[in-house]
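**Student:** Need coordinates for the below:
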Amino acid sequence: MKRIILITGGERSGKSSFAEQTALSLSSNPVYLATAKVWDDEFRERVRRHQERRGPEWTNIEEELELGKHDFTGRVVVIDCVTLWCTNYLYRDQTRAEHDPTWINLCLEDIKAEFDRLTAQDATFIFVTNEIGMGGVSANILQRRFTDLQGWVNQYIAGKAHEVTLMVSGIPVYIVKK
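**Tutor:** Residues are numbered from 1 along each chain as shown. Next comes the predicted model:
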């Protein structure tokens, strides 16, 4: 049953909805593993609306860093999203994130190890991520470092994935891996 699916695209491209539809096509009781850190009231309300929209058939779990500590054997799991998960790793130490260029490499190794722990389980994992590097190069050094981190993590997951889908304006574009 082990399967890794990566769904990527820009903001508001339909990634999460597509991931949820995919999960429901594979299971009547999927898991939604939310990686977001709730940092203000507006975001808290957004999370509440998303949970309500998903309905009672979903098991909702919030986990900011250690995704692999949960047992998902035999389940279908939507991990939403990789971008926020990477942000959580980066900001474990904001001073290092802002001033130590080697911090990105440490974060990348930690994320890859945690991804491997999680996906060692016999389950179907549907990862949602953002393609943040498709625009111009930022003038902000931390943003450039984060874009690097996110791109490397996306490449790592895509390399391990059985399926990759790029969402464009709500339309899935299926990527064929050779």
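**Student:** for whatever helix or strand V47 lives in, packing partners?
**Tutor:** Per DSSP states H and E, V47 falls inside helix 41-54. Applying 3 or more C-beta pairs under 8 Å, 6 or more residues apart in numbering; DSSP states H and E, we find helix 41-54 packed against strand 31-34. C-beta here means a position set from N, CA and C on the backbone, and glycine is covered the same way.
**Student:** what's the strand it packs on packed up against?
**Tutor:** By 3+ C-beta pairs under 8 Å, 6+ apart, strand 31-34 packs against helix 41-54, strand 59-62, strand 76-80.
**Student:** Enumerate the positions of the strand or helix carrying A158 that are buried.
**Tutor:** Secondary-structure assignment from DSSP H and E places A158 in helix 141-160. Using 16 or more other C-beta atoms under 10 Å as the test for burial, helix 141-160 gives 145-147, 149-150, 152-154, 156-158.
**Student:** same check, this time on stretch 45-55
**Tutor:** Using 16+ other C-beta under 10 Å as the test for burial, stretch 45-55 gives 50, 54.
**Student:** what pLDDT, on average, does that stretch get?
**Tutor:** What stretch 45-55 shows for mean pLDDT is 83.
**Student:** Give me the contact list for the lowest-mean-pLDDT helix or strand in the chain.
**Tutor:** Ranked by mean pLDDT, DSSP states H and E, the weakest helix or strand in the chain is helix 41-54, scoring a mean of 84. The contact list for helix 41-54, computed with C-beta atoms under 8 Å, 6 or more residues apart in numbering, reads 16, 20, 32, 34, 36, 38, 58, 60.
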